[in-house]
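[1] I'll drop the sequence and a predicted model, then ask my questions.
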Amino acid sequence: MNEDTFNASLRKFLKQVGVTSQREIEKAVRDAVESGKLKGHEKLPAKMVLTVGGIALTHEVNDEIELG
């Protein structure tokens with residue numbers, strides 16, 4: 001295994017996950033606030049599940065996203 005290639009590929013994947021996930025969450029929250037579904041001061045439960053095929057990896061992260 002080439003450690004440099006692996007590290008660069010992993011960082012690229014994680015950056016894409018972070019950027020796209022943040023955009024999707026921001027859009028959904030803004031839409032919910034605008035429609036009145038949310039007031040804008042809630043704490044939203046959040047869960048992210050990461051799976052990687054070929055190595056049977058499943059990793060789950062649970063937390064809250066605080067709006068204000």
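    Looks like it came in fine. Numbers count the residues shown, from 1 in each chain.
[2] Partner strands of the helix or strand containing residue 64 and their direction?
    Residue 64 belongs to strand 57-66 when elements are defined using DSSP states H and E. Each strand paired with strand 57-66, and its direction, by DSSP bridges: strand 43-52 (antiparallel).
[3] got the contact list for residue 41?
    Neighbouring residues of residue 41 by Cβ atoms under 8 Å, 6 or more residues apart in numbering: 67-68. Heads up, the C-betas are built off the backbone N, CA and C, glycines and all.
[4] So it: helix, strand or coil?
    Counting by DSSP: H, G, I helix; E, B strand; the rest coil, the backbone at residue 41 sits in coil.
[5] Could you tell me whether residue 32 really is in a strand?
    No: if the criterion is three-state DSSP, then residue 32 is helix and not within a strand.
[6] separation between the closest residue to it other than its chain neighbours and residue 27?
    The shortest distance from residue 32 to any residue that is not its chain neighbour, by Cβ to Cβ, 6 or more residues apart in numbering, is 4.2 Å, and that residue is residue 38. Per Cβ to Cβ, to the nearest Å, residue 38 is found 13 Å from residue 27.
[7] next one: residue 50
    21 Å.
[8] cool, residue 62 as well?
    As defined by Cβ to Cβ, residue 62 lies at a distance of 22 Å from residue 27.
[9] Same check on residue 37?
    Counting by Cβ to Cβ, the gap between residue 37 and residue 27 amounts to 13 Å.
[10] picking up where we left off before, more crowded one of residue 38 and residue 27?
    Applying other Cβ atoms under 10 Å to residue 38 and residue 27 shows that residue 38 carries more neighbours, namely 16 against 10.
[11] Tell me which residues touch that one, please.
    Residues in contact with residue 38 (Cβ under 8 Å, 6+ apart) are 29, 32, 67.
[12] Kindly indicate whether it is helix, strand or coil.
    The local conformation at residue 38, judged by three-state DSSP, is coil.
[13] With adjacent residues omitted, what lies nearest to residue 62?
    If the residues on either side of it in the chain are set aside, residue 62 comes closest to residue 47, at 5.1 Å by Cβ to Cβ, 6+ apart.
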